[in-house]
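Novice: A structural model of the following input is requested.
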Amino acid sequence: MIASANIHDITLVKQTLDALETGKPGARLHLCLDNGYKANWLESELKARRYIPHIQGRKAESDALKKEPGMKARRWVVERTHSWLNRYRRLLVRWEKKAENYEAMLHFACGLIVWNKLLLR
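Specialist: Predicted coordinates for the structure are as follows:
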């Protein structure tokens, strides 16, 4: 979902989840979010949609990793993806006026990232 920069991400969660096509029907999926998404209505909405919410801050996640040796960190997946997308200046600073053009550049950058990752294996 694309919105202006002054809109908080939590207002777009329902539309984003409606647009996703993930997993097998009936399967429960893990969804990793940071503290900005901590709200009771959102947690109940995610559970109603068969998601297992993992809403933690950086400190809480690092403390949990220290206490439970078998626990895997999840935050780095999102931060790594943002880092890859921020390498494309056209996405970092939005120059396009039309949302369709910005979304096309986002898809193009994601395609390039996947292409490069497949070639470097």
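Novice: contacting residues around stretch 91-101?
Specialist: 2, 5, 85, 86, 90, 102, 105, 106, 109 (Cβ atoms under 8 Å, 6 or more residues apart in numbering). C-beta here means a position set from N, CA and C on the backbone, and glycine is covered the same way.
Novice: Check which residues of the helix or strand harbouring residue 112 are buried.
Specialist: Element membership for residue 112 (DSSP states H and E) is helix 99-119. Burial within helix 99-119, assessed by neighbour count using 16 or more other Cβ atoms under 10 Å, is assigned to 102, 105, 109.
Novice: Equivalent analysis for stretch 78-92, please.
Specialist: Result for stretch 78-92 [16+ other Cβ under 10 Å]: buried residues 84, 88, 91.
Novice: could you dump those residues to JSON lines with pLDDT?
Specialist: Putting the buried residues of stretch 78-92 into JSON lines (pLDDT from 0 to 100) gives the following:
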{"residue": "84", "pLDDT": "90"}
{"residue": "88", "pLDDT": "90"}
{"residue": "91", "pLDDT": "87"}
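Novice: From these, which land in helices?
Specialist: Of these, the ones assigned to helices by DSSP state H are 84, 91.
Novice: Perfect, I'm done here.
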